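Sequence and predicted structure below; questions after.
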Amino acid sequence: MIKKQFIKFAIVGIINTGLDFIFFNFLILMTGIYKGGWLGLLNFISFSLATTNSYFLNKFWTFKKKETSSFLIFFLISLAGCIINTSIVYSITTFIPPFFDISQLLWVNIAKLLAISISMVWNFIGYKFWVFRK
């Protein structure tokens with residue numbers, strides 16, 4: 001059962017990762033911001049949009065929770081995930097210069113991919129055992 005849920009969670013994650021990357025890159029290209037605190041804000045915005053979508057897909061499809069789930073608990077778990085995610089993106093893009101002469105935009109996206117990989121584990125555990133538990 002957990003394996004099937006994790007596969008569904010991963011599919012939802014791929015969808016939300018796509019949304020997150022699209023919004024994040026759109027905001028970067030519109031503002032020209034590639035590092036620093038303002039990049040953290042852009043990341044927070046894109047992550048929050050994808051997380052809102054995640055709530056509904058995970059509630060009704062991954063965990064099939066028909067009754068009211070605590071959105072407050074979901075929000076707190078997601079907020080912690082967002083802090084983890086944003087901290088990683090901020091730290092990598094601000095304190096580590098791009099390797100191999102890659103562009104700043106590619107470097108930000110590499111940082112974002114690593115951040116998503118780490119925060120995804122936190123979110124799955126939190127959603128499974130606190131938000132959508134049976």
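Thanks, I have the structure now.

Please work out which residues outside the helix or strand harbouring residue 44 touch it.
Using DSSP states H and E, residue 44 sits within helix 37-57. Identification of contacts with helix 37-57 by Cβ atoms under 8 Å, 6 or more residues apart in numbering yields 12-13, 15-17, 19-21, 23-24, 27-28, 31, 33, 71, 74, 78, 81-82, 85-86, 89-90, 93-94, 108, 112, 115, 123. C-beta here means a position set from N, CA and C on the backbone, and glycine is covered the same way.

Any chance of a PyMOL selection covering the buried ones in these?
Burial among the contacts of helix 37-57 is assessed by 16 or more other Cβ atoms under 10 Å; the matching PyMOL selection reads:
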select buried, resi 12+13+16+17+19+20+21+23+24+27+28+33+74+78+81+82+85+86+89+90+93+108+112+115+123
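
Looking at the contacts of helix 37-57, which are in helices?
Among those, the members falling in helices (DSSP state H) are 12-13, 15-17, 19-21, 23-24, 27-28, 31, 71, 74, 78, 81-82, 85-86, 89-90, 93-94, 108, 112, 115, 123.

Pull out the buried residues from the helix holding residue 44.
39-40, 42-44, 46-47, 49-51, 54-55, 57.

Which of the residues you listed sits closest to residue 130?
For the buried residues of helix 37-57, the closest approach to residue 130 (Cβ to Cβ) belongs to residue 55, at 13.3 Å.

separation between that closest one and residue 12?
Separation of residue 55 from residue 12 (Cβ to Cβ, to the nearest Å) stands at 10 Å.

Residue 41 too?
25 Å.

Show me the shaky parts of this structure.
1, 66-69, 134 (pLDDT under 70).

Recalculate using a threshold of 80.
Along the chain, the model assigns pLDDT under 80 to residues 1-2, 64-71, 132-134.

Quickly name whichever of the buried residues of helix 37-57 is closest to residue 133.
Checking the buried residues of helix 37-57 against residue 133 by Cβ to Cβ gives residue 55 as the nearest, at 15.0 Å.
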